[in-house]
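Colleague: predicted structure and sequence below. I'll ask about it afterward.
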Amino acid sequence: MKWLTIVLVLSLAWSRVHSYFITVDAHSEECFFDKVEFGTKMGLTFEIAEGGFLDIDVRIVAPDGKVMYNGEKESSGKFTFAAHTPGMYTYCFTNQKGTMTPKVVMFNMHIGEIPKSGGELAAGESPEGESAKLDDMIKELSTSLWSVKNEQDYMQVRDRNHRAINESTNFRVVVWSFFEATALVCMTLGQVYYLKRFFEVRRVV
């Protein structure tokens, strides 16, 4: 019964984590929005899965128009911050400077809990009590689990990228080996034909 209570509280205390795979076409932009309160901790982790040179432009804009983060031609990144003003925060991935190749982007948006003020504590509840300790442990476990999940998604994308690079390299090696073998056979036949013509005895009638 105790473990059931912990799991229930953990599911309720779980901070919001959104994981997405999107395709950003050439010369286009994809934006996402999150509405948060003042002081809420936020995080963005992204990785380019495939397309072009595996780079893209990333921008995070606050509700007041302030640019929180602006990166150009990045293949991966991680950015965390606290909301300095309540409202709608915008995450944009831009492929306008790219070629005709679309980009596949994997990204996670982590939205923490709304910070509580001291007056929001329940009556008779002590910050040093059992409830406060259990709540802190659950929050710490939630953050750790989010980090593990984020790392797994990152490693999955990296594994896909490395596999694609290995397959491409293997294909090029096979093609080059076939070209070398063909060129060697052609040169051998050419030399045999040339030597045969060189030693050929011609008679003048």
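Modeller: Everything's here; your move. Given the structure is predicted, the values throughout are model-derived calculations rather than measurements.
Colleague: partner strands of the helix or strand harbouring Lys35 and their direction?
Modeller: Using DSSP states H and E, the element containing Lys35 is strand 29-36. Sheet pairing here is set by DSSP bridges, and for strand 29-36 it gives strand 87-94 (antiparallel).
Colleague: can you give me how far the helix or strand that comes right after the strand it pairs with is from the chain middle?
Modeller: Next along the chain after strand 87-94, taking DSSP H and E as the criterion, comes strand 103-111. Relative to its parent chain, strand 103-111 has a centroid offset of 6 Å by CA atoms, centre = their mean, to the nearest Å.
Colleague: ok, stretch 89-99 next?
Modeller: 14 Å.
Colleague: same deal with stretch 181-197?
Modeller: 52 Å.
Colleague: before we move on, what about stretch 25-33?
Modeller: Distance, centroid of stretch 25-33 to centroid of chain: 15 Å (CA atoms, centre = their mean).
Colleague: ok, residues contacting it?
Modeller: 20, 22, 24, 88-96, 98-102, 105, 109 (CB atoms under 8 Å, 6 or more residues apart in numbering). From N, CA and C alone the C-beta is placed, and that goes for glycine too.
Colleague: check stretch 83-96 too.
Modeller: So stretch 83-96 is contacted by 22, 24-42, 44, 46, 56-64, 66, 68, 102-103, 105, 107, 109 (CB under 8 Å, 6+ apart).
Colleague: could you turn the buried ones of the contacts of stretch 25-33 into a PyMOL selection?
Modeller: Applying 16 or more other CB atoms under 10 Å to those, the buried members can be selected in PyMOL as follows:
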select buried, resi 24+89+90+91+92+93+94+95+98+102+105+109
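Colleague: restricted to buried residues, select the contacts of stretch 83-96 in ChimeraX.
Modeller: To isolate the buried ones among the contacts of stretch 83-96 in ChimeraX, judged by 16+ other CB under 10 Å, type:
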select :24,30,34,36,40,41,42,44,46,56,57,58,59,60,61,62,63,68,102,103,105,107,109
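Colleague: can you pull up the most central residue in this protein?
Modeller: Compute the mean C-alpha point of the chain, and by CA atoms, centre = their mean the closest residue is Glu47, 1.9 Å away.
Colleague: show me the contacts for that one.
Modeller: Glu47 neighbours (CB under 8 Å, 6+ apart): Ser75, Ser76, Val105, Met106, Phe107, Asp153, Tyr154, Val157, Arg158.
Colleague: for the helix or strand just after the strand holding Lys35, what is the distance to the chain centroid?
Modeller: Per DSSP H and E, the first helix or strand lying C-terminal to strand 29-36 is strand 41-50. Between the centre of strand 41-50 and the centre of its chain there are 5 Å (CA atoms, centre = their mean).
Colleague: same check, this time on stretch 194-201
Modeller: 65 Å.
Colleague: which of the residues in it are buried?
Modeller: Here stretch 194-201 shows no buried residue, counting by 16+ other CB under 10 Å.
Colleague: pull the residues that contact that stretch.
Modeller: For stretch 194-201, using CB under 8 Å, 6+ apart, there are no contacting residues.
Colleague: and the longest helix belonging to the chain with strand 41-50, angle?
Modeller: Looking across the chain with DSSP state H, the single longest helix is helix 130-198. Relative orientation of helix 130-198 versus strand 41-50 (axes from the mean of the first three to the mean of the last three CA atoms, to 10 degrees): 20 degrees.
Colleague: perfect, I'm done here.
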